[in-house]
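Asker: give me a model of this one.
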Amino acid sequence: MLLPNILLTGTPGVGKTTLGKELASRSGLKYINVGDLAREGQLYDGYDEEYDCPILDEDRVVDELENQMSEGGVIVDYHGCDFFPERWFHIVFVLRADNSVLYKRLETRGYNEKKLKDNIQCEIFQVLYEEALASYKEEIVHQLPSNKPEDLEDNINQILKWIEQWIKDHSS
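Answerer: Numbering: from 1, shown residues only. A predicted model of the protein is given here:
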């Protein structure tokens with residue numbers, strides 16, 4: 001059976017991981033958090049002193065994921081999307097959160113002031129939505145609100161419906 005590949009993207013703290021894990025457990029699709037994948041495989045290319053975090057080796061991440069992506073049925077979670085091959089994804093969801101909600105979530109993670117400010121600005125200026133629109137066909141890019149627990153439930157149900165329809169449309 002053919003299964004779709006889904007990309008969940010958005011500023012850190014918008015709820016990609018919570019949504020991705022829950023979606024995987026309810027849909028049977030495989031969940032991959034690119035941050036975790038990079039950590040486990042040490043897929044880094046140096047260290048960013050300013051942001052106090054390792055720099056992702058994008059080519060190695062793509063190589064690492066290629067086989068699974070071609071099989072299908074994968075939910076990918078990452079706060080960037082312009083380096084993934086366009087052919088990988090059947091749909092792209094950009095999660096969005098209000099600044100006040102996002103600020104609290106990132107503060108809880110212990111982000112330093114610069115990292116906090118930059119991520120909030122990233123959200124204000126719709127950086128990841130713009131990146132998704134520039135990287136994929138506009139008709140497959142969708143924004144989802146991610147502020148309240150009800151949003152999570154709505155988003156899961158909406159995506160599950162989409163998966164079901166996609167499978168119907170692609171089964172011969």
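Asker: longest single helix anywhere in this structure?
Answerer: Looking across the chain with DSSP state H, the single longest helix is helix 149-169.
Asker: roughly how far out does it sit from the chain middle?
Answerer: 16 Å (CA atoms, centre = their mean, to the nearest Å).
Asker: name the residues of it that are buried.
Answerer: Buried residues in helix 149-169, counted by 16 or more other CB atoms under 10 Å: 151-152, 155-156, 159, 162-163, 166. From N, CA and C alone the C-beta is placed, and that goes for glycine too.
Asker: kindly report the same for stretch 137-146.
Answerer: 141, 144-146.
Asker: and for stretch 71-91?
Answerer: 72-81, 84, 88-91.
Asker: tell me the one of these nearest Gly10?
Answerer: His79 (6.6 Å; CB to CB).
Asker: what helix or strand is the closest one on?
Answerer: Using DSSP states H and E, His79 sits in no helix or strand.
Asker: nearest spatial neighbour of Ile163, skipping sequence neighbours?
Answerer: Ser27 (5.5 Å; CB to CB, 6 or more residues apart in numbering).
Asker: pLDDT and distance to Leu56 added to the buried residues of helix 149-169, as JSON lines?
Answerer: Shown next, in JSON lines, are those (pLDDT from 0 to 100; distance: CB to CB, whole Å):
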{"residue": "Asp151", "pLDDT": "98", "distance to Leu56": "28"}
{"residue": "Leu152", "pLDDT": "98", "distance to Leu56": "26"}
{"residue": "Asn155", "pLDDT": "98", "distance to Leu56": "26"}
{"residue": "Ile156", "pLDDT": "98", "distance to Leu56": "27"}
{"residue": "Ile159", "pLDDT": "98", "distance to Leu56": "25"}
{"residue": "Trp162", "pLDDT": "98", "distance to Leu56": "28"}
{"residue": "Ile163", "pLDDT": "98", "distance to Leu56": "28"}
{"residue": "Trp166", "pLDDT": "98", "distance to Leu56": "29"}
